[in-house]
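>>> Here is my input, please return the structure:
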Amino acid sequence: MTETYQMIVCGVGGQGILTITDVIVMAAQKKGLRVLGSEVHGMAQKGGSVVTNLKLGKELHSPVTPIGSCKVLVGLEQNETLRYMKYLEPEGTVITSKTVLYPISWKKDKNTAQLAREKIEENLAKYKARIMRIDAEGLAVEAGLALTQNIVLLGALSQVKDFPLSADELKEALKLRVPAKYLDQNIKAFELGISTVSNF
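Model (predicted):
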């Protein structure tokens, strides 16, 4: 790997954005890559916007990610995915959960919620990008632990062409990062993420 690989992981507090980031950093360091990054947390510990910027490579000089420079964007919630699309390079790759988190007041108004989802999809489609929409929530439940939606997307990320870390390297880091009592469910979620990408 000779060039800098830039990526963004985004979502809302409580979805495991920092866990994905930790696994990527651990795997990259074990491989001998340098890592620079920054994190931005929303006003709320749970429910606020959270984003991490990561750069992987041999020579890195700044953690700042310029607009239009990311090769991959991983989004755990579609509103947040849309918010950070401007950072993606032309023809970049997006891995996004189909999850959309609505205001509590909208939960009884299915029409408003559906219109909001359609508007998000419409705006995502305006970008020239390869977008993988994954039912991370459903696959996490299938893995046996609903909180593993982030790990489903991590598995999908491991299959992106030219991503500098292999599935095996990420899986080994995952084993070190996740508590032993939840490891089986996390490994299954990771593998389901890999299997899902084969359908794209």
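>>> Next secondary structure after the least confident helix or strand in the chain by mean pLDDT?
Here the helix or strand of the chain ranked lowest by mean pLDDT, DSSP states H and E is strand 34-41, holding a mean of 80. Downstream of strand 34-41, the first helix or strand assigned by DSSP states H and E is strand 49-57.
>>> That next one - contacts with which helices or strands?
Here strand 49-57 touches strand 5-12, helix 17-31, strand 34-41, helix 78-83, going by 3 or more CB pairs under 8 Å, 6 or more residues apart in numbering; DSSP states H and E. Every C-beta, even on glycine, is put in place using the N, C-alpha and C of the backbone.
>>> Determine the angle, from 0 to 180 degrees, between it and strand 34-41.
If you take axes from the mean of the first three to the mean of the last three CA atoms, to 10 degrees, strand 49-57 sits at 170 degrees to strand 34-41.
>>> Show residues contacting strand 49-57.
If you take CB atoms under 8 Å, 6 or more residues apart in numbering as the criterion, strand 49-57 is touched by 1, 3-13, 15, 17-18, 20-21, 24-25, 28, 33-42, 62-65, 80, 83-84, 164-165.
>>> re the thing from before, could I get the helices and strands packed on strand 49-57 in JSON lines, plus columns for distance to Arg117 and mean neighbour count?
Listed next are the helices and strands packed on strand 49-57 as JSON lines, based on distance: least, CB to CB, whole Å; neighbours: other CB atoms under 10 Å:
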{"stretch": "strand 5-12", "distance to Arg117": "16", "mean neighbour count": "25"}
{"stretch": "helix 17-31", "distance to Arg117": "21", "mean neighbour count": "20"}
{"stretch": "strand 34-41", "distance to Arg117": "25", "mean neighbour count": "15"}
{"stretch": "helix 78-83", "distance to Arg117": "8", "mean neighbour count": "21"}
